[in-house]
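Q: next come a sequence and a model predicted from it.
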Amino acid sequence: MEFWGDHSDVESDSEWVREVSANGVSMKTTEVEAKLDQGNIQEAEASLREGLSLNFEEARSLLGKLEYQRGNVEGALRVFEGIDLQAAIQRLQPSLAEKPSSRRGRFRTESQHAVSQHAASLVLEAIYLKAKSLQKLGRVSEAAHECRSVLDAVEKIFYQGIPDVQVDNKLQEIVTQAVELLPDLWKQAGFYHEAISAYRRALLSQWNLDNDCCARIQKGYAVLLLYGGVEAGPPSLAVQIDGSYVPKNNLEEAILLLMILMRKFILGKTQWDPSLMDHLTFALSVCSQTPVLAKQLEEIMPGVYHRVDRWNSLALCYSGAGQNKAALNLLRKSLHKHERPDDIIALLLAAKICSEDSHLAAEGVEYARRAINYAHGIDEHLKGVGLRTLGLCLGKQTKVSSSDFERSRLQSEALKSLEGAIPLEPNNMDLIFELGVQYAEHRNLTAALRCAKQFIDETGGSILKGWRFLALVLSAQQRFSEAEVVTDAALDETAKWDQGPLLRLKAKLKFSQSLHMDAIETYRYLLALVQAQRKSFGPPRIQVVDDKVNEFEIWHGLAKLYSSLSHWKDAEICLRKARELKQYSVEALHTEGVIFEGRGQFQEAFAAYNNALLLEPCHVPCKILISALLLKRGLKALPVARSLLSDALRIDPTNRMAWYYLGMVHKDDGRKADAADCFQAASMLEESDPIESFDSIL
């Protein structure tokens, strides 16, 4: 038995079926169409059954398909309503499930098998077209139920799954279309959990899908998981294989699907789809796994992406992972004069990376200025970003400036750039914050306080660094009690595990007000908090992550506090605890030197400070304390002390202790006027000295 009509897709309505054949008999559709036009469905069905020797379901299926292809969706639906799918399944199931018992009966059985597959194709296609008709009429939920019944029927007929050989092409086509349509129907109807189940059923059942269809389903499922707004939950235990990886949430499952699709493309099994990389970029960026994204980019064959685009994307990945050196090297290649030197986004990213390192700041200034020059036309909106980045680079460049004049010029240009960016980006609160920090570092505390308050007002106090900045500015104005009130208000708004930086600030504020026992008690509470966090989340990392204070910083802070009170034994105990967590630390060596010096062990103190400078040659506090020890050795040591202090002031020109000891050097050397200037600078800086460096909040 064979059925045919037009040879186009089942959804095509450009050609009508004019002739049908079955069981070796053919007939024109003219008479059938005329009866359908008159509304005589039963008579049209009877004509097909008599003319082609069909049963009821087969005749109805063929009749409904004819109506659907003529564009009469409502008429097709009326015809399809009369089909008893369950009865058709019961008739088809035994013949399709039958296996040949002997070589003699194999040919006959296979022939019967082929006939049954044709019959199954016709009935299943009818139900599929019924679902399509309901979809076109806006009855999407009903359409989804009908489409699901197609797949249920296939599973009953082929209870061991669709075989990958000797399958009628039409039957396979219908199954493939139904599998792909069902989750889309559930999504259109707003039943997202049912859509998720349909996607999993499509991917986990044996439907004999081709690679392209399977790829489309996997992509659609990944997109739903990422942006659907509904939690899928783990797959049922029935489909989990022992030892296999089971995704814990939507994000993990979506990433797994997208990486499978990327692997299929790399192996040449599917066509390249650029949107896959967009979705994978989003998913991996959300969970801060940009190194994994970089690996995926590296595995893509040359020619898919232009090399400059690949370099820029990899640079973004490495930058997001904190691998700034690798990112900057890629951007240097990208911005070469023979590649794409006028790419504004690459220029801005390179400048941003350089703004985080004082030794790269000069290079960053060049990138930022080029970006500003190119920011015109459709890219004019990026001019504000360029000015902001230029200001940050110039501010960082002042840290390595070799002369006071050069430093003053760079500071002035940095402020001018940041102020120039404000009108172009008035709603960028990070820009307001960075401008405030620049004001604070230049001791323009009134302007810094205004920026700090504006940042907190605009962000609703939801960002921790705003509170810290406001407290530091108030402490620089010697308004310690007000700074403590701000800190307490911030603690009320901050989750327990994120309170570390604020508690450390509060301890220093207590100490500045000579409330030493209160400061110690705050540190003890901080230590209890970190130990509780370690029990909840495992051992703390030595590095500072997300501005949280780790256990090393607390023990070291206590050691410094006890050494300031001349409680040397307690200071030693705390320092030993800190060193158990971080053996080689400039801060620990500095505090060790202070303890030795307080006990009169000047040689040991000198050695500790020198060891610290070997680890970090630009450590300003150790340069100052070495100079202070040299002052005690008489006139012969003054040149060395002067050199160390001058270098310290080059690195940190607002360090009041460096100015004070430089004044002592000039005084002992007989330069009274120079000494007076240094003492005056130290006195002025003391009146505006914050309890922590403003750099600590950037």
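A: That came through, no problem. Numbering: from 1, shown residues only.

Q: neighbouring contacts of stretch 443-456?
A: 429, 432-433, 435-437, 439-440, 463, 466-467, 469-470, 473-474, 476-477, 654, 685, 688 (Cβ atoms under 8 Å, 6 or more residues apart in numbering). Placement of C-beta: from N, CA and C, glycine included.

Q: run the chain-centre distance for stretch 430-447.
A: How far stretch 430-447 lies from its chain's middle: 30 Å, per Cα atoms, centre = their mean, to the nearest Å.

Q: show me the contacts for the residue nearest to Ser417 when sequence neighbours are not counted.
A: Leaving aside its chain neighbours, Ser417 sits nearest to Gly391 (3.6 Å; criterion: Cβ to Cβ, 6 or more residues apart in numbering). Residues near Gly391 by Cβ under 8 Å, 6+ apart: 413-418, 421, 434-435, 438.

Q: swap in Leu474?
A: Here Leu474 is in contact with 449, 480, 482-483, 486 (Cβ under 8 Å, 6+ apart).

Q: Serialize the residues you listed to CSV and add fields for pLDDT.
A: CSV is the format used below for these (pLDDT from 0 to 100):
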residue, pLDDT
Leu449, 96
Phe480, 94
Glu482, 95
Ala483, 95
Val486, 95
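
Q: quick check: the gap between the closest residue in space to Ala507 that isn't next to it in sequence and Leu515.
A: Leaving out its chain neighbours, the residue that sits closest to Ala507 by Cβ to Cβ, 6+ apart is Thr522, at 4.0 Å. Look at Thr522 and Leu515: by Cβ to Cβ, to the nearest Å, they are 9 Å apart.

Q: higher neighbour count, the two?
A: Comparing Thr522 with Leu515 by other Cβ atoms under 10 Å, the one with more neighbours is Thr522, at 22 against 16.

Q: surely the more buried one touches Lys508?
A: No - contact criterion Cβ atoms under 8 Å: Thr522 and Lys508 do not qualify, at 9.0 Å.

Q: quick one: the strands in the protein?
A: Assigned by DSSP state E, the strands in the chain fall at 19-22, 25-28.

Q: mean confidence for the last one?
A: The average of the pLDDT scores along strand 25-28 is 63.

Q: then the first one?
A: In this model, strand 19-22 has a mean pLDDT of 62.

Q: now His376. Its backbone dihedrals?
A: When read as degrees, to the nearest 10, the backbone of His376 gives phi -150, psi 170.

Q: list the residues that contact it.
A: Residues counted as contacts of His376 (Cβ under 8 Å, 6+ apart) are Lys383.

Q: and the pLDDT at it?
A: Predicted confidence (pLDDT) for His376: 90.

Q: same thing with Ser121?
A: 79.

Q: nearest spatial neighbour of Asp379, chain-adjacent residues omitted?
A: Leaving out its chain neighbours, the residue that sits closest to Asp379 by Cβ to Cβ, 6+ apart is Ile344, at 5.3 Å.

Q: how much space between that neighbour and Ser417?
A: According to Cβ to Cβ, Ile344 stands 17 Å off from Ser417.

Q: can you check Val246 too?
A: 52 Å.

Q: in stretch 406-418, what's buried?
A: For stretch 406-418, burial by neighbour count (16 or more other Cβ atoms under 10 Å) applies to 407, 410-411, 413-415, 417-418.

Q: state the mean pLDDT of it.
A: Across stretch 406-418, pLDDT averages out at 92.

Q: how far off centre is that stretch?
A: So, by Cα atoms, centre = their mean, the centroid of stretch 406-418 is 34 Å from its chain's centroid.

Q: grab the nearest non-local neighbour of Ala375.
A: If the residues on either side of it in the chain are set aside, Ala375 comes closest to Lys383, at 3.9 Å by Cβ to Cβ, 6+ apart.

Q: list phi and psi for Asp84.
A: Here is the backbone geometry of Asp84 (degrees, to the nearest 10): phi -90, psi 100.

Q: show me what contacts it?
A: Listed by Cβ under 8 Å, 6+ apart, the contact set of Asp84 reads 56-57.

Q: can you do 10 Å?
A: For Asp84, the contact set (Cβ atoms under 10 Å, 6 or more residues apart in numbering) comprises 56-57, 60, 90, 123.

Q: and if you look at Ala571?
A: Residues near Ala571 by Cβ under 10 Å, 6+ apart: 558-565, 591-592, 594-595, 598.

Q: which of those residues count as buried?
A: Buried among the contacts of Ala571 (16+ other Cβ under 10 Å): 558-563, 591-592, 594-595.

Q: where does the stretch 151-300 of the chain have low pLDDT?
A: Low-confidence segments of the stretch 151-300 of the chain (pLDDT under 70): 159-167, 236-244.
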